[in-house]
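Asker: Have a look; sequence and predicted model below, questions after that.
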Amino acid sequence: MNNPPVPLDPVIHAQSRLRIMATLAAVPRGDALVFPRLRQLLGMTAGNLSTHLSKLEAAGYVEQSKTFSGRTPATYVSLTDDGRAAFNEYTRALHELLNDE
């Protein structure tokens, strides 16, 4: 008997946003990645990454903090607690979907 399909969070499900979430989920809670390092890890353009981060931020899944290192601006990106919970739920639902026979 098949169970109803497991809903996957559409905010996370887009390939680029899923890659962002997976990368940030590997960062320990309380830590953040600087924007250029995240961009480098993902191989994304700054504009594309910014667009996807904005959608994740609007959902409450990531937060961006802007600061200065001397005169140079720096943007740090991290998962929120809600984002970490949403990613854990997404991966749980995906495993359930893949194991459903």
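Answerer: Perfect, thanks for sending it. As the structure is a prediction and not an experimental result, all values here were calculated from the model. Numbers count the residues shown, from 1 in each chain.

Asker: Every contact and neighbour count from this point should use C-alpha atoms.
Answerer: Will do.

Asker: Tell me where this protein has strands.
Answerer: Secondary structure of the chain by DSSP state E: the strands cover 33-34, 62-69, 72-79.

Asker: list the contacts for the residue positioned nearest the centre of the chain?
Answerer: For the chain, the residue nearest the mean C-alpha position is Met21 (2.2 Å; C-alpha atoms, centre = their mean). By C-alpha atoms under 8 Å, 6 or more residues apart in numbering, Met21 lies in contact with Ile12, Leu79, Gly83, Phe87.

Asker: want to try a markdown table for the strands of the chain, with mean pLDDT as columns?
Answerer: Output for these, formatted as a markdown table (pLDDT from 0 to 100):
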| stretch | mean pLDDT |
| --- | --- |
| strand 33-34 | 96 |
| strand 62-69 | 92 |
| strand 72-79 | 94 |
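
Asker: Out of these, which one sits most buried?
Answerer: Highest mean neighbour count of the strands of the chain: strand 72-79, a mean of 18 (counted as mean count of other C-alpha atoms under 10 Å).

Asker: Kindly format the C-alpha coordinates of it as CSV.
Answerer: Provided in CSV are the C-alpha atoms of strand 72-79 (Å, rounded to 0.1, in the frame of the first residue of the first chain):
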residue,chain,number,x,y,z
THR,A,72,36.1,46.5,3.3
PRO,A,73,32.5,45.3,3.6
ALA,A,74,31.9,41.6,4.4
THR,A,75,28.7,39.6,4.2
TYR,A,76,28.4,36.5,6.3
VAL,A,77,25.7,33.9,5.6
SER,A,78,24.4,31.3,8.0
LEU,A,79,21.4,29.0,8.5
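
Asker: and it, what other elements does it pack with?
Answerer: Strand 72-79 is packed against helix 15-25, strand 33-34, helix 35-42, strand 62-69, with contacts defined by 3 or more C-alpha pairs under 8 Å, 6 or more residues apart in numbering; DSSP states H and E.
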